[in-house]
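Asks: One predicted model, sequence on top.
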Amino acid sequence: MNPPLLQVDNLYAGYNGVSVVRGLTLTVSAGELVALLGPNGAGKTTTLRAVSGLVERHGGSVTVLGGPVPKLRRAHKVARRGLAHVPEGRGILGQLTVRENLLLATRRGKVDFHRALDYFPALEPLMDRKGALLSGGEQQMVVLSRAILARPRLMLIDELSLGLAPILFSQLLPVVRRFVDEMGAGMLLVEQYAEMSLAYSDRAYVLNHGDLVLSGPADDLLADRGRLDAAYLGGNDRTCPEFLPAESQT
């Protein structure tokens, strides 16, 4: 069996010496979409930033694509292994056109625009429009296209739904699922909205106040909404083996 693309073991991470994520262990394998769920302030964004080497780790280890995550200010080294991180807030450059934003996906100056349009055909008539003039959904398509064009082996997406109507979010989820299936990549998707995210995920972890409170196959979590709702409200189900991933069971 191939090792996971992402292995997080007993992670403690945060800011100014204070850990906002405590004792987190999770994995993401090739061809797998894993949701990292929880309410605002649960530690989801901090987890992604720790995986990318953007925040301070106080304990534990993170292995990305076969190697350890280096110290701070070395995130570019992890990206070169094949990690793409789509941050919260999109990060589109408003003064550049869609075409110019997509050109940022590669250092070689050659971009397969047809590949981007295959995933997001709605961008075709917008290629020469400035990023600042796009809707929130259109901006999210551009950012996702840019990440896909980089051909990552592992993708981190932070709050895909941010600022979007639920109907738009529901249209983007099948695209990221398709990317995982077609490319055999791994994906860690951070979200607040559990039900829609779980419908397209293989497994999920739920954080609350920095602690892992629930984890398991997505179908199992969807089937027991009472336990999922309790996790969002702060219940701790880490002692329930049927909801733990296989690597955590004994």
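Replies: Happy to help now that I have it.

Asks: what's the weakest-modelled helix or strand in the protein?
Replies: For the chain, using mean pLDDT, DSSP states H and E, the weakest element among its helices and strands is helix 75-81, scoring a mean of 81.

Asks: Gly23 touches Ala13, doesn't it?
Replies: No: contact criterion CB atoms under 8 Å: Gly23 and Ala13 do not qualify, at 10.6 Å. C-beta coordinates here come from the backbone N, C-alpha and C atoms, glycine included.

Asks: Looking at these two, which one has more neighbours?
Replies: Ala13 (26 against 15; other CB atoms under 10 Å).

Asks: contacting residues for Leu24?
Replies: Counting by CB atoms under 8 Å, 6 or more residues apart in numbering, Leu24 makes contact with Val8, Asn10, Leu11, Gly43, Thr47, Gly60, Tyr205, Leu207, Leu212.

Asks: For the third one, list each beta-bridge partner.
Replies: Bridge pairing for Leu11 (DSSP bridges) gives the partners Leu24.

Asks: which regions of the chain sit below the pLDDT cut-off?
Replies: Scanning the chain with the threshold set as pLDDT under 70 gives 1, 71-74, 90, 107-109, 234-250.

Asks: would you list every one of the helices in it?
Replies: 44-51, 75-81, 98-103, 113-119, 136-149, 166-183, 194-199, 218-223, 225-232 (DSSP state H).

Asks: Summarise which helices and strands the fifth one is packed against.
Replies: It stands for helix 136-149. If contacts are counted by 3 or more CB pairs under 8 Å, 6 or more residues apart in numbering; DSSP states H and E, helix 136-149 sits against strand 83-86, helix 98-103, helix 113-119, strand 154-158, helix 166-183.

Asks: Please render these as a markdown table that adds mean neighbour count and distance to His76 to the earlier fields.
Replies: Formatted as a markdown table, those follow (neighbours: other CB atoms under 10 Å; distance: least, CB to CB, whole Å):
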| stretch | mean neighbour count | distance to His76 |
| --- | --- | --- |
| strand 83-86 | 23 | 10 |
| helix 98-103 | 20 | 18 |
| helix 113-119 | 16 | 23 |
| strand 154-158 | 24 | 15 |
| helix 166-183 | 16 | 22 |
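
Asks: Out of those, the one nearest Thr27 is which?
Replies: Nearest of the helices and strands packed on helix 136-149 to Thr27, taken as CB to CB: strand 154-158 at 11.4 Å.

Asks: Sheet partners, orientation included, of that closest one?
Replies: Sheet partners by DSSP bridges: for strand 154-158, these are strand 83-86 (parallel), strand 186-191 (parallel).

Asks: Mind putting these into JSON lines with distance to Arg99?
Replies: As requested, the strands paired with strand 154-158 are exported to JSON lines (distance: least, CB to CB, whole Å):
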{"stretch": "strand 83-86", "distance to Arg99": "19"}
{"stretch": "strand 186-191", "distance to Arg99": "26"}
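
Asks: looking at those strands, which is closest to Tyr232?
Replies: Per CB to CB, nearest to Tyr232 of those: strand 186-191, 11.8 Å.

Asks: isn't Leu189 right up against Glu159?
Replies: No: taking contacts as CB under 8 Å, Leu189 lies outside contact range of Glu159: 9.3 Å.

Asks: neighbour count winner among the two?
Replies: More neighbours surround Leu189 than the other of Leu189 and Glu159, with 28 against 23 (other CB under 10 Å).
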